[in-house]
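[1] Have a look at this prediction, sequence included:
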Amino acid sequence: MARFKFTNNALKDLSDIWNYTVLTWSERQADNYYNLIISECTAISKNPQIGKAFPEIHPDLKGKITSKHIIFYRELDNETVEITRILHERMDFKNKLG
C-alpha cells in the first residue's frame, strides 16, 4: 500500500477534532494532533495489517488507536486504504459506523 484517502465522514471527523482542540487547548495543539493523525494514516497505508479487526461492525473494517481516537479504515485494493471514520474512543462505534 502506498496511499490513503478519506471518506467525507472522515474529513468531517478530522475537521471537528481540529476545531474542538483549538477551542479546548490551542491552535498549536490542534495542528500537532492533526499532524499525528495524518502520520498515523500514512503508517496505516504503508502497513494496513497494523490495525485491529472489527468484524462485529463490518467484515473488512480495521481500526488503529491514535491517542484518544480510533482511525477506522478498510483496504480498497493493493494500492489504497480508505480512512472511513476517525472517532473518539468513547463514541458508540456501531451507531457511527453502521
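    Good, I have the coordinates.

[2] CA atoms for contacts and neighbours, from now on please.
    Noted.

[3] Next, the buried residues of the helix or strand where Y20 lies.
    Assigned by DSSP states H and E, Y20 belongs to helix 8-24. Across helix 8-24, burial judged by 16 or more other CA atoms under 10 Å covers 10-11, 13-14, 17-18, 21.

[4] I'd like the residues you listed as CSV, with distance to K46 and pLDDT appended.
    What follows is these, written out as CSV (distance: CA to CA, whole Å; pLDDT from 0 to 100):
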residue, distance to K46, pLDDT
A10, 19, 98
L11, 20, 98
D13, 22, 98
L14, 20, 98
I17, 24, 98
W18, 24, 98
T21, 27, 98
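
[5] residues near K46, how many?
    Other residues near K46 number 17, with proximity taken as other CA atoms under 10 Å.

[6] Likewise for W25?
    Other residues within reach of W25 by the criterion other CA under 10 Å amount to 11.

[7] what does the one 5 residues further on give?
    Residues contacting A30 under the criterion other CA under 10 Å number 19.

[8] what's the answer for I57, then?
    The number of residues packed around I57, counting by other CA under 10 Å, is 15.

[9] Would you check that it makes contact with K94?
    Yes: using CA atoms under 8 Å, I57 is in contact with K94, at 5.9 Å.

[10] who does F6 bridge with?
    On the basis of DSSP bridges, F6 takes part in beta bridges with I83.

[11] is it true that it touches T80?
    No: in this structure F6 lies outside contact range of T80 using CA under 8 Å: 10.5 Å.

[12] hang on, L87 in a helix?
    No: the secondary structure assignment for L87 gives strand rather than a helix, going by DSSP: H, G, I helix; E, B strand; the rest coil.

[13] measure I86 to I70 for me?
    6 Å (CA to CA, to the nearest Å).

[14] Show me which of these two is the more surrounded one.
    Relative neighbour count places I86 above the other of I86 and I70, with 25 against 21, counting by other CA under 10 Å.
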